[in-house]
Structure formats: C-alpha cells, structure tokens
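below are the sequence and a predicted model for it; my questions follow.
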Amino acid sequence: MLIIAAPKNCIIGSINKEKIDLGKTIVIGGGNVAQDAARVANKMGAKTTIVYRRNEEKMPASISEINDAKKEGVEFLFNTKVLKANIDASGRIKSVECSKTITQGDKIEDVENSIFNI
C-alpha cells in the first residue's frame, strides 16, 4: 500500500507513464493536488482512494477535478480522518487506521467508536 499526502502548494513532477504495481494507494487530502496525485496513481495501475476528513461539499478541489477523478475510477472516502499507518515487520504499510467524522458547518467532529482499517 502506498500513501500519498497531498498538502497545499505541493508540486508533482513528471512521472514515467509505465504502469507499475502500486497496489492499493491512499491519497490523503481534498485539494487539486490530491486529485492529481490520485489520478496519476490510478493511471499507473493502482486501486486509488482519496481520504478526506470533511464532506464532499467542503472539498477545496475544483468540481471538474473531482468529477474527472471519479470518471477515471478514483474512489472517495469522505468524512474520514486518517489516524495512523500500520507497518509490518518489513517496513511496508499493511493498513491505515481511520475514523469517521461529521462535518457541521466549518467544524469537524469525530464519530465515537468509528475506527476502522483500510
């Protein structure tokens, strides 16, 4: 599993178009860079999911970027907060622990007892 955190103002360089086995890829974030990272990973053969802590309406990416990512097969987990990566003995990510959130206006609240692994 590969995790890509896509903070604001991150620049993605050119990537070789050759497909490689990225396996399951999780992109954390909701901006345009997150959409771009997810779409590139998806085009490289990964099963890609964008994890965003707010709802879709609060996602800062442009609507066209979100729609393009959806059309290309990127999955979305809204109202989901990443807590930690679970690492195996070889140092590889085996799963990502998350919890659900509720978006109320500009506030985000954690949902009690909602922890799960991707």
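Nice, thanks for sending it over.

show me which positions of the longest strand seen in the chain end up buried.
Assignment by DSSP state E gives strand 93-104 as the longest strand of the chain. By 16 or more other Cβ atoms under 10 Å, the buried positions in strand 93-104 come out as S95, V96, C98, S99, K100, T101, T103. (C-beta placed from N, C-alpha, C; glycine too.)

now these as TSV including distance to F76 and pLDDT?
TSV is the format used below for the buried residues of strand 93-104 (distance: Cβ to Cβ, whole Å; pLDDT from 0 to 100):
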residue	distance to F76	pLDDT
S95	19	92
V96	15	94
C98	13	97
S99	17	98
K100	14	98
T101	14	98
T103	14	93
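
ok, now which ones touch E57?
T103 (Cβ atoms under 8 Å, 6 or more residues apart in numbering).

just to revisit the earlier point, ok, the buried residues of strand 93-104 vs G30, which is closest?
T103 (11.2 Å; Cβ to Cβ).

who touches that closest one in this structure?
R54, N55, E57, K58, N79.

PyMOL command for the buried members of those?
The buried residues among the contacts of T103 can be selected in PyMOL (16+ other Cβ under 10 Å) with this line:
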select buried, resi 54+79
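
adding secondary structure and pLDDT, write the contacts of T103 out as a markdown table.
Below are the contacts of T103 laid out as a markdown table (DSSP: H, G, I helix; E, B strand; the rest coil; pLDDT from 0 to 100):
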| residue | secondary structure | pLDDT |
| --- | --- | --- |
| R54 | coil | 96 |
| N55 | coil | 96 |
| E57 | helix | 94 |
| K58 | helix | 95 |
| N79 | coil | 98 |
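
lovely, talk soon.
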